[in-house]
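Student: Curious how this folds, go ahead:
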Amino acid sequence: MVDTLAAGNARSTETASEQRVLRVSMLVGVALCILGIGWGIVGGSQMILFDGVYALVGISLTWVSLWASRIVEAGPTARYPWGREALTPMVIAFQGIPLFATCVYAVVDAVATIRDGGSEVTGASGVGYGLISLAAAVVAYLWIRRHAAHSDLMSAEATQWMAGAALSVGMVVGFGAVIALNGTAWAGAGRYIDPAMVIAACVVLVPAPFGMVRSTLVELLEGAPGEQVQQPVRSAVDDVKRRFGLGDHHLRLAKAGRKLYVEVDFVVPEDYVVRDEDTVRHNLLARLEQLPHDMWLSVEFTADPTWGE
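Tutor: I've put the predicted structure just below:
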């Protein structure tokens, strides 16, 4: 059996880009955090304050992502001979849990505010903040997605900004409703719009961290990766099998961050020689190296069809 870890300049370039994007994202988050918390306190708006706190949580999680990216890039060590790619799904799960907890706390606080008679907010001020945060979130999301390539960390970061954009849209609509109700018989209802927006925003945001935790648990438990990862590997293995006239095969896949583990057991005639085996290995690796993952390839050959089932 031969285990081959394919890595090179492409990986270093990708990691450098990943870390640069995360640093820029963190700086934008800091600016929005300061703006949101300050604006929320001065304007007395729970929704704006929640947006600032949500950004604060996002900043700390981005810093953790940056730290994880550097450790993963360091590669295998004497203590971790297989590398530390498992940190990537662990960090993504860690991102999801506090975001979920922040939403739960915000909902509890908003319900208490509604029970106490709502709160007075200035609609025009809220709309202004919502437009600023919406513009920042959309630009950040589009920029990160353009650079994300196949980085799970950057995809998680983009998900946070997409959620922030949805939050900002809700703020613009909600505070716009406050303005529309002023001077009407329904003006009193405007006191409940701010806490109601917090509850609605949390309902919209909760699926994102929940999905992050669920997908990373699959990786940590060494579950099969998604179809978009499996399909090109299966195609490459089938092509190699046809080209070299091999028999049945058993394919196992697992993914941890950027690293993709591929184990293939080919059933071959008993007179198959070592030179033939090496040719198959090199041919398959050449095909799989084109995929956007750090490949860990194991190829075995056996004349016993039951081996590896």
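Student: quick one: the strands in the stretch 1-150 of the chain?
Tutor: If DSSP state E, counting those that start in this stretch is used as the criterion, the strands of the stretch 1-150 of the chain fall at 2-6.
Student: Okay, now the unreliable bits of it?
Tutor: The stretch 1-150 of the chain contains residues with pLDDT under 70 at 1-15, 148-150.
Student: Now do the contacts for the most centrally placed residue in the chain.
Tutor: Residue closest to the average C-alpha location in the chain (Cα atoms, centre = their mean): residue 156, at 2.1 Å. By Cβ atoms under 8 Å, 6 or more residues apart in numbering, the residues touching residue 156 are 65, 92, 95, 212. In this view, the C-beta of every residue, glycine as well, is placed from N, C-alpha and C.
Student: Can you tell me, leaving aside adjacent residues, what's nearest to it?
Tutor: Distances taken as Cβ to Cβ, 6 or more residues apart in numbering put residue 92 closest to residue 156, at 4.8 Å, once the chain neighbours are dropped.
Student: residues in contact with the nearest residue in space to residue 54 that is not next to it in sequence?
Tutor: Nearest non-adjacent residue to residue 54, counting by Cβ to Cβ, 6+ apart: residue 102, 6.0 Å away. Contacts for residue 102 (Cβ under 8 Å, 6+ apart) come out as 53, 54, 57.
Student: which stretches of the protein form helices?
Tutor: In the chain, the helices defined using DSSP state H lie at 9-43, 46-73, 87-115, 123-148, 152-181, 193-205, 207-220, 227-243, 274-288.
Student: What distance do you get for residue 120 to residue 277?
Tutor: Applying Cβ to Cβ, to the nearest Å, the value for residue 120 to residue 277 is 76 Å.
Student: So these two - more neighbours on which side?
Tutor: residue 277 (18 against 11; other Cβ atoms under 10 Å).
Student: my read: the more buried one touches residue 300, true?
Tutor: No: using Cβ atoms under 8 Å, residue 277 makes no contact with residue 300, being 9.0 Å away.
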